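**Student:** below are the sequence and a predicted model for it; my questions follow.
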Amino acid sequence: MIKFKKVSKTYKNGTHALYNINLNIEQGEFVYIIGKTGSGKSTLIKLLDGEEIPSSGTVSVFGTNVGKLKNRQVPLYRRNIGVVFQDYRLLPKKTVFENIAYAMEVVDKPKNEIRARVKEVLKLVGLTDKAQTFPKQISGGQQQRVAIARAIANKPKILIADEPTGNLDPEMSNEIISLFERINKEEGTTVLIVTHDLQTVKNFPKRTIQIDSGHIVRDLPNGLKDEIIPSNIEADDYFDTTAKLYLANAIKEDNKNV
Amino acid sequence: MFRRFFRHIKEGFIGVGRHFGMAFSSSASVTIALFLVGLFLVLTYNLNVIAKDIEQSISLSALVDYDITSQTTIDNLKKEILNIEGVKEVDFRSKDDEFTFYVELYPDVKEFNEYYRDRNPFHDAFLVSVDDGTLLQDVKLKIEKINGIDSVHDGGSNTYLLINVLQKVRIFGGILVLALTVLAIYLIYNTISITIVARDTEIWIMKNVGAKNGYIRAPFLVEGIIIGILGSIIPIAAIIAIYLYTYKISSGTLLGVFTLVEPTPFLVYLGLALLGISIVVGFLGSYLSVSKLLRNKR
């Protein structure tokens, strides 16, 4: 379903963000993408939702070559993808209900369908009673749930979340990840979560892809379940150490083969 | 289709209401610019009318050769002059008419009048008026070439200078109105740009859920038009009031010579023109600023 084939990305200012990425993600998968800041995670998402075009290689989603999409085709393609961000990005002057409905209005869904679907997703994210409140009247975790409800309102095939728990405490974070699990199971949506949050990745083990300096350094089918992570380690330090370890092992393997 | 159209209109109004401060400052900039546009429109239009009046009152006097006396030849000459491009009217004045005109003009020089009564030194003449002052010289040269015309007289080099000045004033006025309109567009573009940058989350959300650029742009265009219209109310009212007042206290003439354009229907057209300009200004200002933002993100 999602295929990165020898994808590299260099920005106009000369920054090399990704090198020769090969990646396959199947329909219905739940995947974490981890790595330190500036490792290339955000570029991966931008290539996926068509905001950026690869410098070389192909990104194909549902068989569509995303890099070859014309500008006017991008909006239609994007309707298959829901995106959630760390800062929620809700419209402060619209109610919870209106915020979710808005995503459906802009793609011209009929009123009845909007009403029914908004109720459905509100129930799914557990905010039925908050429908008429404004974003600032609810907690951060609840705001993130509204953002998730909005992202799935149009039933996208893929849901991408960029640091969705970045602003939340551990308890809220667990709630949000459980919600993603439910969406993944109940709606069959492929979920991609970009995160720094080691605890979450460990608590809800799923396939985990680690990126470092634009390279995929690890692709762990069972995630960090069996990994021993020191409790006081900073996420970036952990990513750095594991990436170096991977590099050392790779060099060792290479030497063996020689 | 209709549902979407009305939704855009509704969203446009809601947008103005929710960002009232921004809408107000945009409207204020339109108000100032449009007031100046309106003022110059009034001045240019009145100058135009005055210039046209002056130009049309300038006429050529084509003197007929002394030896031409037959009415048929005179009629033919008249036809020939009328056929020249740019000639508006040709009036025949016999030499007796000319003499009487002169006598009436200078009743004091009696002796002279008495002396010349039987030796009329005047020519039969045609008074030729032209459509446009700029054609005066051209028409003069063409009449001079006609057989049977002794000479053609105009008001001298001052006439051409006046026509030249009037022409320049008109062009200058037109450029000024255009420049002020562009300035108004720039002002509203700038203010709307600020309001739109402040609302990039909204645009970001629309983009991310797959709204097409046209859909994203539409409510902002409606907002721009509303801002333009709101901004036009004060200048339209003010200019109408100022004009009516000026017309009233001057009894319709400036410096006792120049006639001001009648308030109706002139002010109705002026109001409509300003309203039209405000709509275009609002539309273009928004269009340019939203497009700039949309271009930055695929």
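**Tutor:** In hand now; what should we look at? Residues are numbered from 1 along each chain as shown, chains lettered A, B, ... in the order given.

**Student:** pull out the buried positions in stretch A:228-237.
**Tutor:** A:Ala235 (16 or more other Cβ atoms under 10 Å in any protein chain shown). Quick note: C-beta positions are derived from backbone N, CA and C, even for glycine.

**Student:** for that stretch, output the C-alpha coordinates as PDB.
**Tutor:** The C-alpha trace of stretch A:228-237 is given here as PDB (Å, rounded to 0.1, in the frame of the first residue of the first chain):
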ATOM      1  CA  ILE A 228      15.900  -2.600  27.700                       C
ATOM      2  CA  ILE A 229      15.600   1.200  27.900                       C
ATOM      3  CA  PRO A 230      17.200   2.900  30.900                       C
ATOM      4  CA  SER A 231      14.400   4.800  32.600                       C
ATOM      5  CA  ASN A 232      16.300   8.100  32.900                       C
ATOM      6  CA  ILE A 233      17.700   8.300  29.300                       C
ATOM      7  CA  GLU A 234      16.700  11.200  27.100                       C
ATOM      8  CA  ALA A 235      15.000  10.000  23.900                       C
ATOM      9  CA  ASP A 236      17.500  11.700  21.600                       C
ATOM     10  CA  ASP A 237      20.400  10.000  23.500                       C
END
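
**Student:** off-centre distance for it?
**Tutor:** For stretch A:228-237, the distance from its own C-alpha centre to the chain's C-alpha centre is 22 Å (Cα atoms, centre = their mean, to the nearest Å).

**Student:** again with stretch A:73-88
**Tutor:** On Cα atoms, centre = their mean, the centre of stretch A:73-88 falls 11 Å from that of its chain.

**Student:** average model confidence for that stretch?
**Tutor:** The average pLDDT for stretch A:73-88 rounds to 89.

**Student:** mind listing the helices for the chain?
**Tutor:** Going with chain A. A:41-48, A:74-78, A:96-105, A:111-124, A:140-152, A:170-186, A:198-203, A:235-257 (DSSP state H).

**Student:** wrong chain, I was asking about chain B
**Tutor:** Under DSSP H, chain B gives helices at B:2-18, B:20-57, B:71-82, B:95-105, B:110-116, B:136-144, B:157-197, B:200-208, B:213-249, B:263-295.

**Student:** now those as JSON lines including distance to chain A, mean pLDDT and mean neighbour count?
**Tutor:** Output for these, formatted as JSON lines (distance: least, Cβ to the nearest Cβ, whole Å; pLDDT from 0 to 100; neighbours: other Cβ atoms under 10 Å in any protein chain shown):
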{"stretch": "helix B:2-18", "distance to chain A": "5", "mean pLDDT": "78", "mean neighbour count": "15"}
{"stretch": "helix B:20-57", "distance to chain A": "12", "mean pLDDT": "82", "mean neighbour count": "19"}
{"stretch": "helix B:71-82", "distance to chain A": "61", "mean pLDDT": "88", "mean neighbour count": "14"}
{"stretch": "helix B:95-105", "distance to chain A": "76", "mean pLDDT": "81", "mean neighbour count": "13"}
{"stretch": "helix B:110-116", "distance to chain A": "87", "mean pLDDT": "75", "mean neighbour count": "11"}
{"stretch": "helix B:136-144", "distance to chain A": "55", "mean pLDDT": "87", "mean neighbour count": "17"}
{"stretch": "helix B:157-197", "distance to chain A": "14", "mean pLDDT": "78", "mean neighbour count": "17"}
{"stretch": "helix B:200-208", "distance to chain A": "5", "mean pLDDT": "81", "mean neighbour count": "19"}
{"stretch": "helix B:213-249", "distance to chain A": "6", "mean pLDDT": "91", "mean neighbour count": "19"}
{"stretch": "helix B:263-295", "distance to chain A": "9", "mean pLDDT": "88", "mean neighbour count": "18"}
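
**Student:** ok, which of those comes nearest A:Leu44?
**Tutor:** helix B:200-208 (16.3 Å; Cβ to Cβ).

**Student:** so which elements touch that closest one?
**Tutor:** For helix B:200-208, the packing partners by 3 or more Cβ pairs under 8 Å, 6 or more residues apart in numbering or on different chains; DSSP states H and E come out as helix A:74-78, helix B:213-249, helix B:263-295.

**Student:** which one of these lies nearest to B:Lys145?
**Tutor:** Taking the helices and strands packed on helix B:200-208 one by one with Cβ to Cβ, helix B:263-295 is closest: 41.4 Å.

**Student:** report the angle between the closest one and helix B:2-18.
**Tutor:** 100 degrees (axes from the mean of the first three to the mean of the last three Cα atoms, to 10 degrees).

**Student:** taking helix B:157-197 as reference, get the angle to helix B:263-295.
**Tutor:** Interaxial angle, helix B:263-295 versus helix B:157-197 (the same axes, to 10 degrees): 40 degrees.

**Student:** list the helices and strands helix B:263-295 packs on?
**Tutor:** Using 3+ Cβ pairs under 8 Å, 6+ apart: helix B:263-295 touches helix B:20-57, helix B:157-197, helix B:200-208, helix B:213-249.

**Student:** ok, which of those helices comes nearest A:Pro164?
**Tutor:** That would be helix B:200-208 among these, by Cβ to Cβ, at 14.5 Å.
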